[in-house]
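>>> Sharing a model prediction with you, sequence too.
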Amino acid sequence: MISTASFAFQSLIPTQSSSLPRRKRGRIGVVRSMSSSLSTAVQTLEGNGGIPMVKLTSTTSTAEVYLFGACVTSWKPSNDRDLLFVRPDAVFNGTKPISGGIPHCFPQFGPGAMQQHGFARNMNWSVVDSKDSQEEPTVTFELKDTPYSRSMWDFSFHALYKVALNSNSLSTTLTVKNTDDKAFSFNSALHTYFSAAVSSATVKGLKNCKTLNKDPDPSNPIEGREERDIINYPGFVDCIYLDAPSEVCLDNGLGDIITIQNKSWSDVVLWNPHLQMESCYKDFVCVENAKIGKVELQSNETWIAEQCISVS
Ligand SMILES: O=P(O)(O)OC[C@H]1O[C@@H](O)[C@H](O)[C@@H](O)[C@@H]1O
């Protein structure tokens, strides 16, 4: 149920999901109305570049989520260090997806027919609900098809993305409903960038998974099987792990052990661009919960996938 407070919150934010040109038209008004805060737990603020973002503040942690792409760009549990990473080349002006944090890949992981990683990360999502609670501040974003999305993927859909913050965890729930009168299929991922010391970062939990190594050719991945208990990032890494377990563990090499749990994100992608991004590759690793095989939805069917990242 939407509380009175969240209605007030909604009224600050345009309810229309929009393509890039729409957002540009409405931006000044949106940013002006962002100056007021709802509460200390869920605030609407001007983010980088003056574009709107929602800040969640629990008793001991914070998170920030931009409406553009519904991209979580910051997660600071219990101390002031950000466990997510935003690349130095990230732009916050709506001209391209925010490079870092937790961008969406939807309705295509890629490579494929449409732009790399689909369109959800470069559209404005709307806020449709929030929970003003210092124990678990929560915000829910919505995305629907527009002429922009239909120019790439001609289907009617309704996506909800709920982000909930706890003292030591950040949970997300993505719900995709087919609102069309015909079936559609898609694949998807949460392309999470974690702050890391790449030379000592490791991932555990993927031993024995079937792998699709996208190095050297992303369009023709090489099949294999993971034999290592502990996987590191010794150079360029771009590898899909199919039918991964529901929990993997990242040691970020900076003193944090991060548990990544999921429901329905059946696969994992590990990525680090190495010298392709010389200025920042040492400072992050991507561990992405993904659904690489197609999800097929008939009319009115819904797919739900959850991720929870936590530190002990
Ligand atoms: O679009 P971004 O954030 O630069 O990420 C690109 C990379 O994203 C990874 O998920 C893919 O596996 C890589 O093949 C791709 O190069």
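Arrived safely.
>>> Run through the residues that contact residue 179.
By Cβ atoms under 8 Å, 6 or more residues apart in numbering, the residues touching residue 179 are 144-145, 156-158, 299-300. In short, each C-beta sits where N, CA and C put it, glycine included.
>>> Spatially, which residue comes closest to the residue of the stretch 151-300 of the chain found nearest the ligand, not counting chain neighbours?
The nearest approach of the stretch 151-300 of the chain to the ligand comes at residue 271, 4.3 Å away (Cβ to the nearest ligand atom). Spatial nearest neighbour of residue 271, chain neighbours left out: residue 286 (4.1 Å); criterion: Cβ to Cβ, 6 or more residues apart in numbering.
>>> Give the other helices and strands that whichever strand or helix holds the one you found contacts.
In this assignment (DSSP states H and E), residue 286 forms part of strand 284-297. Using 3 or more Cβ pairs under 8 Å, 6 or more residues apart in numbering; DSSP states H and E, the elements in contact with strand 284-297 are strand 169-178, strand 184-190, strand 193-195, strand 237-242, strand 247-251, strand 257-263, strand 267-272, strand 302-311.
>>> from what I can see the residue of the stretch 151-300 of the chain closest to the ligand touches residue 288, true?
Yes: under the criterion of Cβ atoms under 8 Å, residue 271 makes contact with residue 288 at 6.8 Å.
>>> the more surrounded of the two?
Higher neighbour count among residue 271 and residue 288: residue 288, with 23 against 20, using other Cβ atoms under 10 Å.
>>> My guess is the more buried one contacts residue 192. True?
Yes: here residue 288 lies in contact with residue 192, judged by Cβ under 8 Å, at a distance of 5.8 Å.
>>> Helices along the protein, start to end?
Here the chain has its helices, by DSSP state H, at 4-11, 20-33, 147-150.
>>> mean confidence for the shortest one?
Per-residue pLDDT over helix 147-150 has a mean of 98.
>>> now it: how far from the chain's centre is it?
Computed by Cα atoms, centre = their mean, to the nearest Å, the chain-centroid distance of helix 147-150 equals 21 Å.
>>> Using PDB, write out the CA atom coordinates for that helix.
Only the C-alpha atoms of helix 147-150 are listed here, as PDB (Å, rounded to 0.1, in the frame of the first residue of the first chain):
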ATOM      1  CA  PRO A 147       7.900   5.000 -28.600                       C
ATOM      2  CA  TYR A 148      11.600   5.000 -27.800                       C
ATOM      3  CA  SER A 149      11.600   1.400 -26.400                       C
ATOM      4  CA  ARG A 150       9.200   0.300 -29.100                       C
END
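>>> buried set for that helix?
148-149 (16 or more other Cβ atoms under 10 Å).
>>> cool, and stretch 156-175?
Those would be 156-166, 169-175, for stretch 156-175 by 16+ other Cβ under 10 Å.
>>> these two touch, right, residue 41 and residue 59?
No: here residue 41 does not reach residue 59: they are 9.2 Å apart, not a contact under Cβ under 8 Å.
>>> what is in contact with the two at once?
When contacts are counted by Cβ under 8 Å, 6+ apart, residue 41 and residue 59 have residue 134 as shared neighbours.
>>> For those two, work out which one has more neighbours and name it.
Taking other Cβ under 10 Å, residue 41 and residue 59 do not tie; residue 41 has more neighbours (23 against 13).
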